[in-house]
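J.: sharing a model that was predicted from the sequence below.
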Amino acid sequence: MLMRRLIFISVSVLLFMALFSLTSCQPGAQPQQPQPQPEETVYKNIEKVKNDLLVSSEDTETTVNLKGYVVYRFEDSSLILANDKTAIMFKNSGLSSKYVGKEIQLKSVKAVYKNKAFYLERTSSTEIFVDLSGKTPPQAKNLNASGELPAPSLKEAFALMNGLYSTVRGTIRFDSDSNKYFVTYSIGTKNQVFEISDEYSISLINQFNVDKPITVDAEATLTGYLFYETNSWKFRVSNAEIEIPAPDVNVGINIPEYVPPVEQATVTYYQAEKKLLVEYTYTLPDVVFMIYKEYNNPSNENEKVYELIGETTSTTFEKTEFDLEEISGIGVRVLSADKTKESELFIISRDKFIVK
């Protein structure tokens, strides 16, 4: 009897389990739902952010999610962020140079339109992500083929060019009254002009003229960031190539208002130290000596090119870290103290150098 009861109970349990299993498989049963995926962040392109800011004609700012390529980093850690159409400055980003050439995504970054200039600012909630896929960053746009600089009223064109990673070939000259460089280039028959006024860019350009402003018209190829601010187009330089006109070696000849050249000069070069020493004799007081290096014109070997390497009021001139490669001579010109009178250029040819 006991055995029958145990068998009955076991069969009942098995039937119950089978019935429960069948019930749970019926169409009306609810399976466990997967957890919702976190919402993906949408990153706007640069031109979209600019156009959104331009909806208001007044100064404005907003928080956005934005993506772009880091094409240049300035010393203050400001970045030029660019894509194939336009660019924007990310001020004081705090990022190192290792991000140059990479695409970054900025979450909750402040986008600003102020004094008609666009830029980004980092906030305490800004998050930065890097795309490591190795995509190719955009190249600098050629301003010489990009059309005229638009007025702010042409909003679409203005948004694209106001903040543009670009390169340009034009004429550059320093204006002493405003303490700015002005660059002129042509689009068709019309001249386009922008200014260079930030300290970093001016210092970079002055390096081509022994750290002094270039006060003559010089040919320049500039790469950097074009932008509009406070009613004028401006340019922040990342790279420059400048050709300063060679001095006229015959200036002063047969002209009454000139100073005589140096009487004699020697050039000594110390190979181990890579030091150049130029010594000359001169009797008149209150003059300045301009020192030039002479080399052959790469495009015309029969023509000489002269590049200013320094100036002094002393009858000796030294320059360290000087390379003699391609140098054919050293020139010395004498200027009156007020620089209104000058001598012809006195040349010491390479074969007369004393090399030690």
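T.: The structure has been received and is ready for your questions. Residues are numbered from 1 along each chain as shown.

J.: break this structure into its domains for me.
T.: Here the domain parsing of the chain from automatic domain parsing is 46-131, 141-243, 264-355.

J.: in CSV: the ones you listed, plus mean pLDDT, mean neighbour count and distance to Y258.
T.: C-betas here are computed from N, CA, C, even on glycine. Rendered in CSV, the data for the domains of the chain read as follows (pLDDT from 0 to 100; neighbours: other CB atoms under 10 Å; distance: least, CB to CB, whole Å):
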stretch, mean pLDDT, mean neighbour count, distance to Y258
domain 46-131, 94, 17, 43
domain 141-243, 93, 16, 19
domain 264-355, 89, 15, 5
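
J.: nearest to E40, of those domains?
T.: Relative to E40, the nearest member of the domains of the chain by CB to CB is domain 46-131, separated by 10.7 Å.

J.: geometric centre of this protein: which residue is closest?
T.: Computing the C-alpha centroid of the chain and ranking residues by CA atoms, centre = their mean puts S238 first, at 2.1 Å.

J.: what sits against L120?
T.: By CB atoms under 8 Å, 6 or more residues apart in numbering, the contact list for L120 reads 66, 81, 88-91, 106, 109-112.

J.: ok, those vs E326, which is closest?
T.: Out of these, the one with the shortest distance to E326 is M89. That distance is 38.4 Å, counting by CB to CB.

J.: that older thread, quick one, phi/psi of the residue nearest to the centre of the chain?
T.: For S238, the backbone dihedrals (degrees, to the nearest 10) come out as phi -110, psi -30.

J.: my guess is it meets Y200, correct?
T.: No: under the criterion of CB atoms under 8 Å, S238 is not in contact with Y200, lying 9.4 Å apart.

J.: between those two, which contacts overlap?
T.: Counting by CB under 8 Å, 6+ apart, the shared contacts of S238 and Y200 are F74.

J.: sorry, back to before: among the contacts of L120, which lie within strands?
T.: Counting by DSSP state E, the contacts of L120 place 66, 81, 88-91, 106, 109-112 in strands.

J.: other residues contacting the one helix or strand S203 maps to?
T.: Under the criterion DSSP states H and E, the helix or strand holding S203 is helix 199-206. The list of residues contacting helix 199-206 from outside it, by CB under 8 Å, 6+ apart, reads 74-76, 172, 180-181, 196, 211-214, 220, 224, 235-237, 240, 242.

J.: 6 Å instead, please
T.: 212, 236-237, 240 (CB atoms under 6 Å, 6 or more residues apart in numbering).

J.: in strands only, show me these.
T.: Taking DSSP E as the definition of strands, the contacts of helix 199-206 contribute 236-237, 240.

J.: of the residues you listed, which is the nearest to N45?
T.: Using CB to CB as the measure, the one of those that approaches N45 most closely is R236, at 21.9 Å.

J.: roughly how far apart are the residue nearest to the closest one when sequence neighbours are not counted and N51?
T.: Taking CB to CB, 6 or more residues apart in numbering as the measure, R236 lies nearest to Y225, with 4.5 Å between them; neighbours along the chain are not counted. In this view, Y225 and N51 are 19 Å apart by CB to CB, to the nearest Å.

J.: again with T171
T.: In this structure, T171 and N51 are 33 Å apart, going by CB to CB.

J.: ok, now A87?
T.: If you measure A87 against N51 using CB to CB, the figure is 14 Å.

J.: quick one, strands of the stretch 201-350 of the chain?
T.: Counting by DSSP state E, counting those that start in this stretch, residue ranges of the strands within the stretch 201-350 of the chain are 218-229, 232-243, 264-270, 275-281, 287-297, 300-312, 316-319, 327-336, 346-349.

J.: list the contacts of stretch 136-154.
T.: The set of residues that contact stretch 136-154 without belonging to it, under CB under 6 Å, 6+ apart, is 69, 71, 82-84, 101, 116, 157-158, 161, 164-169, 187, 192, 223, 233.
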